[in-house]
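Trainee: Dropping a prediction and its sequence here:
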Number of protein chains: 2
Amino acid sequence: MLSKSHPRYESLVLRDKIVKASKAGYLADSAMIAHGRGEAFDYLLGEKTTLPAKRAMYVTVAIMLLSKNPVISVNGNTVALAIDEIIEFAREIDAKIEINLFYRTDDRVNKIAKLFYDRDYPEILGTNNDEMMHINEIKNPRASASKNGIYSADTVLVPLEDGDRAEILSRSGKNTITIDLNPLSRTSKMSDVSIVDNLVRAIPFMTKIARDLKLQDEELLREIIEEFDNDINLKESLELFKIKEEVK
Amino acid sequence: MLSKSHPRYESLVLRDKIVKASKAGYLADSAMIAHGRGEAFDYLLGEKTTLPAKRAMYVTVAIMLLSKNPVISVNGNTVALAIDEIIEFAREIDAKIEINLFYRTDDRVNKIAKLFYDRDYPEILGTNNDEMMHINEIKNPRASASKNGIYSADTVLVPLEDGDRAEILSRSGKNTITIDLNPLSRTSKMSDVSIVDNLVRAIPFMTKIARDLKLQDEELLREIIEEFDNDINLKESLELFKIKEEVK
C-alpha cells in the first residue's frame, strides 16, 4: 500500500491509474511513456497550477460556453486519469465527449466506451457505432472525427493530444484548445489556447470556473477571450519551470 | 516504418525498444513511465552529452579501472536500451555484470539472463541460480545482491537506478556511480559520481574512454578522481538544461 505521506503520493496515484489502464488494455503501446514525459514536466512545474494556466482555463471556459457545438476529445490516458472529472465538466458546460484515439482499434474503443456506459453516460461519441468522417477530407486516421462531434464542432478541447492532430484541428478553423504539460511541444505551439497543466488539476478547476462564468454576461466572456494572447501566455508558462532548483 | 529524417528519430527508436521489451515481458509495470520521464529530461538537455557528463564519465572509468571488483548493475530498461553496449564496456574494463531488479520476479530474471546467454555472455550474475545476499544484512529486496557481484564489489555502476537503492549502495561504502538524466533525482544526489546523460550515449562513450585510460599511468587516474567534486558537477549539469528555449 502506498502511504499518503510519501512525498510523491499524488504522482504515484496517477502512475498507478495509468498502469491499471494499460493492463485493462485500452492504452496505446507508448501511452505509459507519454505519461512519464508528463510526470517529468509536472515535476519541473512543481506540480502546481500556475497563473498562466489559470488564465488559459478562464479563456477555455469562456470559449466553450459561447460555442455552438463544443466537444471534449478523450483518449486512453485522459480516460484513465480523469474520466469522472471529464464527465462532470462536460455536463457543466453542456459539451459533448468524443473518444478519439490516435492508434484506434475497435477493441480499445469498445473498452473505453464501456467505461462511459458504466458511468451512465450513454451519449459518448466516437464509438464503433458512431458515424465517423474525415476533417477536410484528409484521408488520415489523425483526421477522423464523429459526424455530430468533432467533425461539426466549432470548439474542441483535446487533452494530451498529438501534435499532428492538434495541427489538423487548428487548421480546420475550429477553436483548438489543448492541455499539455510541455509548453514547447508542437501540440502547445499549434493550439489556439494551450493550458500548460496536469489535466487532473485542470479539469476540476475548469468545472468551478464554469459555475461562475455561466452566471456572467456574455460580454464579459468575450472580453476575457479578446484580451488573451496564447503566445505570450505560453512564454509565461515556460518561465515558471524550475529546472534550476538548488542542488544541495 | 519510421523515417530516419523524423526530427525525433533517435528518441523514437529508443521508445520502440522499450515498447518491445515491455511486450517481451521483462520490464516492470511502470518501466515505460520511467522511460518517458527520461525522454523528457533528455529532450530538455538537447539530447546531447554535456561537458559535466563527460567529466563524470572519465572519473567513472578511472574508478572502475582502479577497482578490485567493479560491477555493472542492470535492470530491464538498461538491458532493453543497451545490452550490447553494456557487455562491450564490461569486457573493456574487466567488470562483472549483475541483473538486479527493483521488482524482482524469477520470470523477468530468466528472460533477461537468456538475453545475455544469447549474446555469449554466460558469466552474467544475479540469475536465479546465483547466490544472493543482503547488503549490510538489510532485509529489503532493495538490498539484495549477488555474493560474488555487488555484495562484494568495491564499485557499482548502476544505470537508471531507484533512489532508495542508490542510497543503500552508497551507505554501504561502495563507490556508487549512477547514470540518470534527472540531476535533481534522489539517485543523482545520493551517488558518489552522477552521470547526467542518456545511457545509450554514455556507455559507448565510456568504452572509448577506457581504451585510452587503460594505457595511462595509475597516478593520472588517481588525479582525475581526486580533482572531481560530484556536487559541483551536478550543479553544472543542472545549468545546462534548456527549459527556457524561445517559443516562436
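Mentor: That came through, no problem.

Trainee: quick one: pLDDT of residue A:29?
Mentor: If you check residue A:29, the pLDDT there is 86.

Trainee: list the contacts for it?
Mentor: Residues counted as contacts of residue A:29 (C-beta atoms under 8 Å, 6 or more residues apart in numbering or on different chains) are A:103, B:19, B:22, B:23. The C-beta positions use only the backbone N, C-alpha and C, and glycine is treated the same way.

Trainee: Surely the first one is in a strand?
Mentor: Think residue A:103. No - assessed by DSSP: H, G, I helix; E, B strand; the rest coil, residue A:103 does not belong to a strand; its assignment is coil.

Trainee: which ones are touching it?
Mentor: When the contact criterion is C-beta under 8 Å, 6+ apart, the partners of residue A:103 are A:28, A:29.

Trainee: sorry, back to before: neighbour-wise, give me the winner out of the contacts of residue A:29.
Mentor: Across those, the neighbour count under other C-beta atoms under 10 Å in any protein chain shown reaches its highest value at residue B:22, namely 23 neighbours.

Trainee: That one and residue B:31, how far apart?
Mentor: Here residue B:22 is placed at a distance of 7 Å from residue B:31 (C-beta to C-beta, to the nearest Å).

Trainee: element containing the residue of chain A found nearest chain B, please.
Mentor: Shortest chain A-to-chain B distance, computed as C-beta to the nearest C-beta: residue-wise this is residue A:36, at 2.2 Å. For residue A:36, the enclosing helix or strand under DSSP states H and E is helix A:31-44.

Trainee: just to revisit the earlier point, ok, how many other residues are close to the residue of chain A closest to chain B?
Mentor: As a burial measure, residue A:36 scores 24 neighbours (other C-beta under 10 Å).

Trainee: so it touches residue B:37, yeah?
Mentor: Yes - checked against C-beta atoms under 8 Å, the pair residue A:36 and residue B:37 is within contact range at 4.3 Å.

Trainee: picking that back up, spit out the residues that contact residue B:22 and residue B:31 alike.
Mentor: In contact with both residue B:22 and residue B:31: no residue, using C-beta under 8 Å, 6+ apart.

Trainee: Run through the residues that contact the most centrally placed residue in chain A.
Mentor: For chain A, the residue nearest the mean C-alpha position is residue A:159 (1.6 Å; C-alpha atoms, centre = their mean). The contact partners of residue A:159, taken as C-beta under 8 Å, 6+ apart, are A:72, A:73, A:74, A:75, A:78, A:82, A:178, A:179, A:180, A:199, A:202, A:203.

Trainee: what's the distance between the residue lying closest to it once chain neighbours are set aside and residue A:202?
Mentor: The shortest distance from residue A:159 to any residue other than its chain neighbours is 4.1 Å, reached at residue A:179 (C-beta to C-beta, 6 or more residues apart in numbering or on different chains). Between residue A:179 and residue A:202 the distance is 5 Å, computed by C-beta to C-beta.

Trainee: and chain A, which residues reach chain B?
Mentor: By C-beta under 8 Å from any C-beta of the partner chain, the residues of chain A that approach chain B are A:15, A:18-19, A:22-23, A:29-30, A:32-41, A:43-44, A:182-184, A:189, A:231, A:234-235, A:238-239, A:241, A:243-245, A:247-248.
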